[in-house]
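1. For reference, the sequence and a predicted model appear below.
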Amino acid sequence: MHFMINTYNLTLIQGKVPLLSLEALHQLHIFIFVLAITHVIFSVLTMVLGGAKIRQWKQWETEIHKNDAGNGPKKLTNVQQFEFIRERFNGVGMESTMLSWMHSFVKQFYASVTKSDYATMRLGFIMTHCRGNPKFGFHRYMVRALEADFKKVVGIRWYLWIFVVIFMLLNVNGWHTYFWISFLPLILLLAVGTKLEHVIAQLAYDVAEKHSAIEGDLVVNPSDEHFWCGKPRVILYLIHFILFQNAFEIALFFWILTTYGFNSCIMDHVPFIVPRLVIGVVIQLLCSYSTLPLYAIVTQMGTFFKKEIFDEHIQQGLVGWAQKARMRTELSKDAAAAGPTRHGPSSRLEMLRRAAAMMQCRRALPR
């Protein structure tokens, strides 16, 4: 085929040179490999460190189950007396939007998720999606959902490669491009952490605005309206980009160091190298210990729940049930002339069993 012409033959015939030499292509392949390995390592490290903090919440879950078993009669309580409300608005005016955002920005650096936050958001989730199952294992569901999202974060999408190509092309001498773009993931990470904290503040504000006193426990109302673009998934895409960009910075440093040496002109000056490495470490720690745990619980405060709310065997059963339902629908169309379909005892038993599995939650899964 004429499309399979050798590059160098084509160069000799047309008098042109290839865009990348063989050495450049070889080095590019090495860098891509280093970047992929670094991204996977950083993602796993983030998941391990963040997961360690999330596992500490298991103790809160156990205490909540014990307290629920010994609850007495419900009493009327002023909404301002709830710790969840006090933590968010103590010394901060509820009507001051600027102060609320500033408080959310600072809150992500210390005690980003407290016990009262966990208990209140857990109860809000259960009362919205699983009202018939007050002993629902919220912590186990949250961990399963986070693990499912982690599988998406580890992957590298096409638009991330486009980002890499653009900034490699912008690496012009004197611009210090890699130094300036190292601030981008840090700024995005701070914005994401602030937004997640502000979602909690909005949940508290909605309750305080509608009620002056509440009988029993404080119940928040989850909603997608609290998130950017009305989609909690946007947060996951931003965290994915942040981790990839941070891995890109570190991978580029080690690739240049091992390939060309520290004194290479490509390495840039020391005053521009050290801040990049420090920012990379700060991003890794902040994302692991603050942003990821915030993401794990706050994104459950959306309008819909995730399919991980069902155990794996129930998920498989529901998928099988849906497939059988489609098959029965197609068969019923073919046999419409034969009269109404009658279900035998085994079919009815199967339908009851599937229905019982779905009764733990009352809302349908989103798309």
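-> Done, it's in.

2. alpha carbons only for contacts and neighbour counts from here, please
-> Fine.

3. How is this structure divided into domains?
-> Domain assignment for the chain, taken from automatic domain parsing, gives 22-309, 312-331+350-367.

4. Now do the strand or helix carrying residue 41: which elements does it pack against?
-> Using DSSP states H and E, residue 41 falls within helix 22-55. Helices and strands touching helix 22-55, by 3 or more Cα pairs under 8 Å, 6 or more residues apart in numbering; DSSP states H and E, are helix 138-154, helix 233-260, helix 270-286, helix 292-298.

5. Need these in JSON lines (columns: distance to residue 185).
-> Output for these, formatted as JSON lines (distance: least, Cα to Cα, whole Å):
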{"stretch": "helix 138-154", "distance to residue 185": "15"}
{"stretch": "helix 233-260", "distance to residue 185": "5"}
{"stretch": "helix 270-286", "distance to residue 185": "8"}
{"stretch": "helix 292-298", "distance to residue 185": "14"}
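
6. Tell me the first helix or strand C-terminal of the helix holding residue 41.
-> Counting by DSSP H and E, the next helix or strand C-terminal to helix 22-55 is helix 58-69.

7. Please list all residues in contact with residue 273.
-> 179, 267 (Cα atoms under 8 Å, 6 or more residues apart in numbering).

8. now the strands for the stretch 51-200 of the chain?
-> Using DSSP state E, counting those that start in this stretch, the strands of the stretch 51-200 of the chain run over 76-78.

9. and the residue nearest the centre of the chain, how far is that from residue 196?
-> Centroid-nearest residue in the chain: residue 236, 3.5 Å away (criterion: Cα atoms, centre = their mean). For residue 236, the distance to residue 196 (Cα to Cα, to the nearest Å) stands at 12 Å.

10. Quick check: neighbours shared by those two?
-> residue 295.

11. most neighbours per residue, which of the helices and strands packed on helix 22-55?
-> Of all the helices and strands packed on helix 22-55, helix 292-298 carries the top mean neighbour count, a mean of 22, counting by mean count of other Cα atoms under 10 Å.

12. roughly how far is that one from the heart of the chain?
-> Chain-centre distance of helix 292-298: 7 Å, with Cα atoms, centre = their mean, to the nearest Å.

13. Check what contacts it and list those residues.
-> 46-47, 50-51, 53-54, 112-113, 118, 121, 142-143, 145-146, 193, 196-197, 199-200, 235-236.

14. Going by neighbour count, which of these are buried?
-> 46-47, 50-51, 53-54, 112-113, 118, 121, 142-143, 145-146, 193, 196-197, 199-200, 235-236 (16 or more other Cα atoms under 10 Å).

15. List the contacts of the residue lying closest to residue 231 once chain neighbours are set aside.
-> In space, and not counting its chain neighbours, residue 231 is closest to residue 224: 5.9 Å by Cα to Cα, 6 or more residues apart in numbering. Shown in contact with residue 224 (Cα under 8 Å, 6+ apart): 230, 231, 232, 301, 302, 303.

16. Good, wrapping up.
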